[in-house]
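[1] My questions concern the predicted model and sequence given below.
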Amino acid sequence: MSEIIKPEKKPIIFSGIQPSGTLTLGNYIGALKNFSLLQDDYDCIYCIVDMHAITVRQNPADLRRRCMELAAIYIASGLDPKKSLIYCQSHVTGHAELSWILNCFTYMGELNRMTQYKDKAAKHADNINAGLFTYPVLMAADILLFQTNMVPVGVDQKQHLELCRDVAQRFNGVYGNVFTIPEPYIAKVGSKIMSLQEPTRKMSKSDPDDTFVALLDDPDTIRRKIKRAVTDSDGEIRYDPENKPGVSNLLSIMSALGAGSIESLTAELAGQGYGTLKTRTADCVIAALEPLQNEYKKLIADKGYLQGILDENAKTANYLANKTLRKVQKKVGFASRG
Ligand code: ATP
Ligand code: LTN
């Protein structure tokens, strides 16, 4: 009798990006760029986290448009919709349902320590809503719903991921092995790209336009923004994030985009001025973004195609999410369904 060989199950990758603004070079280097590198060796799920985005007030028409644009960006960055599951968070009800249950396993003290919450509360003092506070619980639900093994993110999300692991372990401690405990996947170079204007702060898509390079900026805009990037006055090209955050940021950007190691770049550029450093950085960024931009233009012109992918994938994601959700509901003792 011939033996049936089961295809080996690949580990699961999950990540999400908020459609809360124009995606930046930071989002690309810290997260997006790594997504497509993983899709051959893992089962990848990439979510458009629109439910997270409304923790900050959004214009409804803009949010809807940005969800579609983010789907196009995902694909334009190299994600193959046949290999990676790209879908919208709000199309899968399990996110909200699991999030509620996990809220009951998360302590106020844990959420109070989250630095993203503190930063965002300070930035939006007029709208410190409960969603902003419980944001990391929804993120934990996103990840745990799919029995995720690994989560590619920028370093700013490390704390949220640790909370996710703690909550999952707490839940498993009470009910048995319900959730897979996920590991972060954080690149060595480029996991925190800094603002061009304030290089001690993270580059962020909800900050003013001149602080970041947007993925869809044209070459002239990219050159102008990088030319105006804040550096320092000692004129030496050296990697020293503490004392030379602006120069170090440009070196990190180049290195993360494949221009060589930080050491080789520093050796190569030693003795040259910041003008050269900035021109070289701009060249790297323009070259890295060009294929994505060309692909994006084609994709965004075909909304029917994008909508079709999101609709189809919502069904698959709901199916997968419900497998975990039903297990969790049963474990906590929710009434049986006929
Ligand atoms: P917002 O400003 O609206 O909070 P954001 O720019 O921080 O948004 P997110 O959607 O929260 O972006 O993040 C998407 C992914 O990009 C996450 O994995 C995050 O860690 C990563 N990321 C965001 N900013 C940077 C950055 N400056 N450097 C490296 N990675 C980043
Ligand atoms: N919180 C993340 C976005 C996000 C996410 C996720 C990332 C929401 N859910 C699940 C990885 C896995 C952020 O603010 N960058």
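    That came in fine, so what should we check first? Numbers count the residues shown, from 1 in each chain. Ligands and ions are numbered 1, 2, ... in the order given.

[2] number of nearby residues for residue 116?
    16 (other CB atoms under 10 Å). C-beta here means a position set from N, CA and C on the backbone, and glycine is covered the same way.

[3] That one against residue 161, yeah?
    No: using CB atoms under 8 Å as the test, residue 116 is too far from residue 161 to be in contact (11.7 Å).

[4] Would you mind listing the buried residues in the longest helix belonging to the chain?
    Counting residues, the longest helix found in the chain (DSSP state H) is helix 303-332. The neighbour-count check on helix 303-332 (16 or more other CB atoms under 10 Å) flags 306, 309-310, 313-314, 317, 320-322, 324-325, 328-329 as buried.

[5] Kindly present those residues as JSON lines, with separate columns for distance to residue 209.
    Below are those laid out as JSON lines (distance: CB to CB, whole Å):
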{"residue": "306", "distance to residue 209": "25"}
{"residue": "309", "distance to residue 209": "30"}
{"residue": "310", "distance to residue 209": "28"}
{"residue": "313", "distance to residue 209": "32"}
{"residue": "314", "distance to residue 209": "32"}
{"residue": "317", "distance to residue 209": "33"}
{"residue": "320", "distance to residue 209": "38"}
{"residue": "321", "distance to residue 209": "36"}
{"residue": "322", "distance to residue 209": "41"}
{"residue": "324", "distance to residue 209": "40"}
{"residue": "325", "distance to residue 209": "40"}
{"residue": "328", "distance to residue 209": "42"}
{"residue": "329", "distance to residue 209": "45"}
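
[6] do the longest helix of the chain and ligand 2 meet at all?
    No: contact of helix 303-332 with ligand 2 is not found when judged by CB under 6 Å from any ligand atom; the minimum separation is 13.0 Å.

[7] got the phi/psi numbers for residue 24?
    phi -110, psi 170 (degrees, to the nearest 10).

[8] what's the burial count for it?
    Residues near residue 24, counting by other CB under 10 Å: 25.

[9] Okay, it and ligand 1: tell me how far apart.
    6 Å (CB to the nearest ligand atom, to the nearest Å).

[10] ok, now how distant is the closest residue to ligand 1 within the stretch 151-300 of the chain from residue 18?
    Per CB to the nearest ligand atom, residue 154 is where the stretch 151-300 of the chain lies closest to ligand 1, at 2.5 Å. For residue 154, the distance to residue 18 equals 12 Å [CB to CB, to the nearest Å].

[11] Between those two, tell me which one has more neighbours.
    Taking neighbours as other CB under 10 Å, residue 154 and residue 18 compare with residue 18 leading, 25 against 21.

[12] Would you confirm that the more buried one contacts residue 54?
    No: contact criterion CB under 8 Å: residue 18 and residue 54 do not qualify, at 9.5 Å.

[13] List the contacts of the residue nearest to the residue of the stretch 151-300 of the chain closest to ligand 1 when sequence neighbours are not counted.
    In space, and not counting its chain neighbours, residue 154 is closest to residue 30: 3.0 Å by CB to CB, 6 or more residues apart in numbering. Residue 30 is in contact with 153, 154, 155, 156, 187, 190, 191, 192, 193, counting by CB atoms under 8 Å, 6 or more residues apart in numbering.

[14] can you tell me if the helix or strand containing residue 37 touches ligand 2.
    Using DSSP states H and E, residue 37 sits within helix 33-38. No: Helix 33-38 lies out of reach of ligand 2 by CB under 6 Å from any ligand atom, never closer than 10.6 Å.

[15] mean confidence score for the helix or strand following that helix?
    Sequence order places strand 43-48 as the next helix or strand after helix 33-38, per DSSP H and E. Average pLDDT, strand 43-48: 98.

[16] Likewise for stretch 179-186?
    Stretch 179-186 comes out at a mean pLDDT of 97.

[17] now that stretch, how far from the centre of its chain.
    14 Å (CA atoms, centre = their mean, to the nearest Å).

[18] so how far does it reach from one end to the other?
    21 Å (CA to CA, to the nearest Å).

[19] could you check whether it is close to ligand 2?
    No: judged by CB under 6 Å from any ligand atom, stretch 179-186 stays clear of ligand 2, getting no closer than 8.5 Å.

[20] how about that stretch, does it reach ligand 1?
    No: counting by CB under 6 Å from any ligand atom, ligand 1 is not contacted by stretch 179-186; separation bottoms out at 8.5 Å.

[21] In that stretch, which residues are buried?
    179, 180, 182, 184, 185, 186.

[22] which SS class is the residue lying closest to the first one once chain neighbours are set aside?
    Leaving out its chain neighbours, the residue that sits closest to residue 179 by CB to CB, 6+ apart is residue 168, at 4.1 Å. With DSSP: H, G, I helix; E, B strand; the rest coil as the basis, residue 168 sits in helix.

[23] Check which helices and strands the longest helix of the chain is in contact with.
    On a contact count with 3 or more CB pairs under 8 Å, 6 or more residues apart in numbering; DSSP states H and E, helix 303-332 meets strand 43-48, helix 60-76, strand 84-88, helix 94-103, helix 130-145, helix 158-175, helix 274-300.
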